[in-house]
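Trainee: heads up, no residue letters with this:
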């Protein structure tokens, strides 16, 4: 049975043994409003936006296992998480937030518990991290990091931080080194966001429709998302080529595309 069939089978049977997470996520920088970002992700979470390898008629692919948002306010990260489906959540408290830096994540859990400790984004050392994908191999990291949850995502974050700390590398170098250690076919996309810079990596995969990411920019903001946001239908969305990563200056919103 292929990994694809295993995932589909898990929807009608018990979850697969491995702890996996398959999600939707986005980064927004500049003059942004949270309401259309949240409303767009609510539509996406209900499987109402676009087709991909997993949301066939037999297997509706809702992302209903929690959500989280991280945003910069007064030079600090603020994080809000919930284990409820985002489309059932009243998010009006976020509509008046003024921020120029936001990371948003909606979760589909396959094999790990639905609880806040497993909900993205993760925050450590003033860095926010989100992950969409599945890493089947063991993930190694320093014992100085103590995971609060069960996900491969949190462990992947700590593996990157371990390389940065122990080898004195840049985040860009650490991300490339860590991602290239693991099987690419199951999909691994990440958002690694510091106050000054964000790196978004899109690995090549056997499931390019589900694991693709797109980028759209205007003179006042930029959005990088797992899907084109239905609340921004007129934006010039461009696909990021699998096997590339984006490195962005959060203040100027200038970015470069490089190969992983």
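Mentor: Sure, I can see it. From a predicted model like this one, the values you see are computed outputs, not experimental measurements.
Trainee: wait, what's in contact with residue 116?
Mentor: Residue 116 makes contact with 66, 81-83 under the criterion Cβ atoms under 8 Å, 6 or more residues apart in numbering. No exception for glycine: its C-beta is placed from N, CA and C like everyone else's.
Trainee: Go through those residues and give me the one with the most neighbours.
Mentor: The most crowded member of those is residue 66, carrying 24 neighbours; neighbours defined as other Cβ atoms under 10 Å.
Trainee: what's the closest of the contacts of residue 116 to residue 151?
Mentor: residue 66 (11.3 Å; Cβ to Cβ).
Trainee: what about residue 40, which SS state?
Mentor: For residue 40, the assignment made with DSSP: H, G, I helix; E, B strand; the rest coil gives helix.
Trainee: What's the local residue count around it?
Mentor: Counted with other Cβ under 10 Å, residue 40 comes out at 23.
Trainee: what sits against it?
Mentor: Counting by Cβ under 8 Å, 6+ apart, residue 40 makes contact with 229-232.
Trainee: quick one on the thing from earlier: out of the contacts of residue 116, who's nearest residue 103?
Mentor: Among the contacts of residue 116, and counting by Cβ to Cβ, the member closest to residue 103 is residue 81, at 12.0 Å.
Trainee: Against residue 239, how distant is that closest one?
Mentor: 29 Å (Cβ to Cβ, to the nearest Å).
Trainee: again with residue 46
Mentor: To residue 239, residue 46 is 23 Å away according to Cβ to Cβ.
Trainee: same thing with residue 227?
Mentor: From residue 227 over to residue 239 the distance is 11 Å, taken as Cβ to Cβ.
Trainee: Same question for residue 183.
Mentor: 23 Å.
Trainee: List the backbone torsions phi and psi for residue 116.
Mentor: Per-residue torsions, residue 116: phi -60, psi -40 (degrees, to the nearest 10).
Trainee: ok, residue 38 - how many residues close by?
Mentor: Other residues near residue 38 come to 22 when the count uses other Cβ under 10 Å.
Trainee: Next up, the contacts around the residue nearest to it when sequence neighbours are not counted.
Mentor: In this structure, residue 38 finds its nearest non-sequential neighbour in residue 91, 4.8 Å apart by Cβ to Cβ, 6 or more residues apart in numbering. Shown in contact with residue 91 (Cβ under 8 Å, 6+ apart): 34-35, 38.
Trainee: which one of the residues you listed is nearest residue 252?
Mentor: Nearest to residue 252 among the contacts of residue 91, with distances taken as Cβ to Cβ, is residue 34, at 21.6 Å.
Trainee: what's the burial count for that closest one?
Mentor: Counted with other Cβ under 10 Å, residue 34 comes out at 20.
Trainee: can you check residue 29 too?
Mentor: Neighbours around residue 29, by other Cβ under 10 Å: 26.
Trainee: before we move on, what SS does it have?
Mentor: Reduced to three states by three-state DSSP, residue 29 is strand.
Trainee: ok, now which ones touch residue 161?
Mentor: 124-125, 127, 141-142, 145, 174.
Trainee: any chance of the contacts of residue 40 in TSV, with distance to residue 191 and neighbour count too?
Mentor: As requested, the contacts of residue 40 are exported to TSV (distance: Cβ to Cβ, whole Å; neighbours: other Cβ atoms under 10 Å):
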residue	distance to residue 191	neighbour count
229	15	23
230	20	16
231	19	17
232	18	16
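Trainee: All the strands of the stretch 151-260 of the chain, in order from the start?
Mentor: Secondary structure of the stretch 151-260 of the chain, counting by DSSP state E, counting those that start in this stretch: strands at 188-193, 197-202, 214-217, 221-225, 238-239, 244-249, 255-259.
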